[in-house]
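*Asks:* Generate coordinates for the sequence data below:
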Amino acid sequence: MNNSYLDYLAYLGVGGAHPGGLHLTKNLLGKEKLDETTSVLEIGCGTGQTSVFIVKQYGCPITALDNNEIMIMKAKQRCSDVQLPIVIMQGEAEKLPFEDNSFDLVLSESVLSFTNISSAILEAKRVLKPNGVLLAIEVTQEKNLSEEDIQELIAFYGFSQVLSEDEWNTMFQAAGFHTIQMEKHEIVMDDQDLELELATDFTITEGISMEYMDALSKHAEYTSHYREQLGFRVIRCIK
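*Replies:* I've put the predicted structure just below:
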């Protein structure tokens, strides 16, 4: 397979592909104080599932950004279908096209691991207003992986690194966040439940080959194989 895992997600139009899916997102956002005055940036918006939910639920002004042209196209189509006022932009997490102190909340759902992590975290902090909140959901190394395993995961997924909780914490501390909270979550749905949840939000590009479905099967294999070694953290930081 010559495409990256993110390319497969884009062509399949998978919404809520991050750990915990939209169910976890709803739970996390329900703990924040969001209303129509809260300015929100979603980094790595994908097909726009989360941004649409936030606007419908809280009425927040949303800016949604992704670096994948296909994801941007599908996010715009999703918003057009429901006629919601969401600003959708193409851009890089490491070089956000926004002024300093622009947003009250920055949301990043399984995105930072695919970037130059330290640069992306610094950019998220830069565009946050004082006392603004960064919410991130990120894959985390629970037990020591061999170098061979790490390289295999990087090759398939396109991760830049596979960090432990301590390493994530060090990254956010280095960026200058003054409050950092990390919470370990367990996905309580079984594999069949998870597949059903994802299956409800596909916007598949016409004419794609079985290679793209094979990528999802490979992802399921890795999820099972590395069940003990990989988890994820919900990370909440205050500027």
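*Asks:* neighbouring strands for the longest strand seen in the chain, and are they parallel or not?
*Replies:* Looking across the chain with DSSP state E, the single longest strand is strand 128-141. Strands that pair with strand 128-141, judged by DSSP bridges, come out as strand 103-109 (parallel), strand 230-238 (antiparallel).
*Asks:* of all these, which gets the most neighbours per residue?
*Replies:* Stretch with highest mean neighbour count among the strands paired with strand 128-141: strand 103-109 (a mean of 25; mean count of other CB atoms under 10 Å). For glycine as for every other residue, the C-beta is placed from the backbone atoms N, C-alpha and C.
*Asks:* How about residues contacting it?
*Replies:* For strand 103-109, the surrounding residues in contact (CB atoms under 8 Å, 6 or more residues apart in numbering) are 18, 25, 32, 34, 38-44, 50, 63, 93, 120, 124, 127-129, 132-138.
*Asks:* Now list the buried members of the residues you listed.
*Replies:* Buried members of the contacts of strand 103-109, scored by 16 or more other CB atoms under 10 Å, are 18, 25, 34, 38-44, 50, 63, 93, 120, 124, 127-128, 132-138.
*Asks:* could you point out which element follows the helix or strand bottoming out on mean pLDDT in the chain?
*Replies:* Every helix and strand of the chain was ranked by mean pLDDT, DSSP states H and E. The lowest is helix 191-199, at a mean of 44. Downstream of helix 191-199, the next assigned helix or strand under DSSP states H and E is helix 210-225.
*Asks:* Who are the packing partners of that following helix?
*Replies:* Counting contacts by 3 or more CB pairs under 8 Å, 6 or more residues apart in numbering; DSSP states H and E, helix 210-225 packs against helix 5-12, helix 147-157, helix 191-199.
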